[in-house]
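**Student:** predicted model and sequence follow; I will ask about them next.
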Amino acid sequence: MSGKIIGGVLLASALIAGIAIYYLQIYAFYDEIQASGASDVELTLLATGQPEPILHTKFEAIDSESSPIRFRACFSTDLSQAFLTETFELYGDAEPRVAPGWFECFDAEAIGAQIADGSALVFTGQRNIEYGIDRVVAITADGRGFIWHEINECGDKAYDGSPLGKDCPERDAESN
């Protein structure tokens, strides 16, 4: 009899722990970000190398303080891909990160497919928004836009302990 009680307690504990871990990963650490204006969506200008706000509507975003790569956002723009490619810096080798299922506007698999088939172009939003992390922006031919964070080459080296290259910026004392 006591074996069944102990087994039941262990099973119940495992179930509660599993539910808690699922909740923490999917819901607890994310916060919805309120649109703050023009600077919500920025792309890096070819001419200056500096981020510049672009016209956009329907901005939705989530973020988490627990990780620098949990930021995701969706928006719409009337700017054409032709104008964007002439004005802003393209970003190579970007792969959208999966968002929680409840953040319905961001489907990483569909965005990745559009990048692969060329119907979505990926631009540099801001390099080193946090040390080793770039903000990237994909914009589709029909004006839908998606933002996420990518670990850049300096970030890869910093996080795996490799020596930083000469092209990597200095790290702030707070970042070490």
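**Tutor:** Thanks, I have the structure now. If you're wondering where the values come from, they're calculated on a predicted model, not measured in any experiment.

**Student:** please name the bridge partners of the residue nearest the centre of the chain.
**Tutor:** Among the residues of the chain, the one closest to the centroid is Trp148, at 2.2 Å (Cα atoms, centre = their mean). With DSSP bridges applied, Trp148 shows beta-bridge pairing to Arg72, Val136.

**Student:** that one reaches Glu95, doesn't it?
**Tutor:** No - in this structure Trp148 lies outside contact range of Glu95 using Cβ atoms under 8 Å: 9.0 Å. Using the backbone N, CA and C atoms, a C-beta is placed for each residue, glycine as well.

**Student:** list of residues touching the helix or strand harbouring Arg127?
**Tutor:** Element membership of Arg127, judged by DSSP states H and E, is strand 120-130. Contacts to strand 120-130, defined as Cβ atoms under 8 Å, 6 or more residues apart in numbering, come from residues 41-44, 51, 68, 81, 84-85, 88-92, 94, 111, 114-115, 134-141, 146-147, 149, 152, 154, 169, 175.

**Student:** where along this structure do the strands fall?
**Tutor:** All strands of the chain, identified by DSSP state E, fall at 31-33, 42-44, 51-53, 57-63, 72-76, 120-130, 133-140, 144-151.

**Student:** could you give the angle of the longest one to strand 72-76?
**Tutor:** Taking axes from the mean of the first three to the mean of the last three Cα atoms, to 10 degrees, one finds that strand 120-130 is oriented at 130 degrees with respect to strand 72-76.

**Student:** now strand 120-130: buried residues?
**Tutor:** 120-127, 129 (16 or more other Cβ atoms under 10 Å).

**Student:** keeping just the C-alphas, turn the helix ranked longest in the chain into PDB.
**Tutor:** Criterion DSSP state H: the longest helix present in the chain is helix 2-23. Provided in PDB are the C-alpha atoms of helix 2-23 (Å, rounded to 0.1, in the frame of the first residue of the first chain):
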ATOM      1  CA  SER A   2       2.800   2.500   0.900                       C
ATOM      2  CA  GLY A   3       4.500   1.700  -2.400                       C
ATOM      3  CA  LYS A   4       1.300   2.800  -4.300                       C
ATOM      4  CA  ILE A   5       1.200   6.000  -2.300                       C
ATOM      5  CA  ILE A   6       4.900   6.800  -2.900                       C
ATOM      6  CA  GLY A   7       4.500   5.900  -6.600                       C
ATOM      7  CA  GLY A   8       1.400   8.200  -6.800                       C
ATOM      8  CA  VAL A   9       3.300  11.100  -5.100                       C
ATOM      9  CA  LEU A  10       6.200  10.600  -7.500                       C
ATOM     10  CA  LEU A  11       3.900  10.600 -10.500                       C
ATOM     11  CA  ALA A  12       2.000  13.600  -9.300                       C
ATOM     12  CA  SER A  13       5.300  15.500  -8.600                       C
ATOM     13  CA  ALA A  14       6.600  14.700 -12.100                       C
ATOM     14  CA  LEU A  15       3.300  15.800 -13.700                       C
ATOM     15  CA  ILE A  16       3.300  19.100 -11.700                       C
ATOM     16  CA  ALA A  17       7.000  19.700 -12.600                       C
ATOM     17  CA  GLY A  18       6.400  19.000 -16.300                       C
ATOM     18  CA  ILE A  19       3.400  21.400 -16.400                       C
ATOM     19  CA  ALA A  20       5.500  24.100 -14.600                       C
ATOM     20  CA  ILE A  21       8.400  23.700 -16.900                       C
ATOM     21  CA  TYR A  22       6.100  23.900 -20.000                       C
ATOM     22  CA  TYR A  23       4.400  27.100 -18.600                       C
END
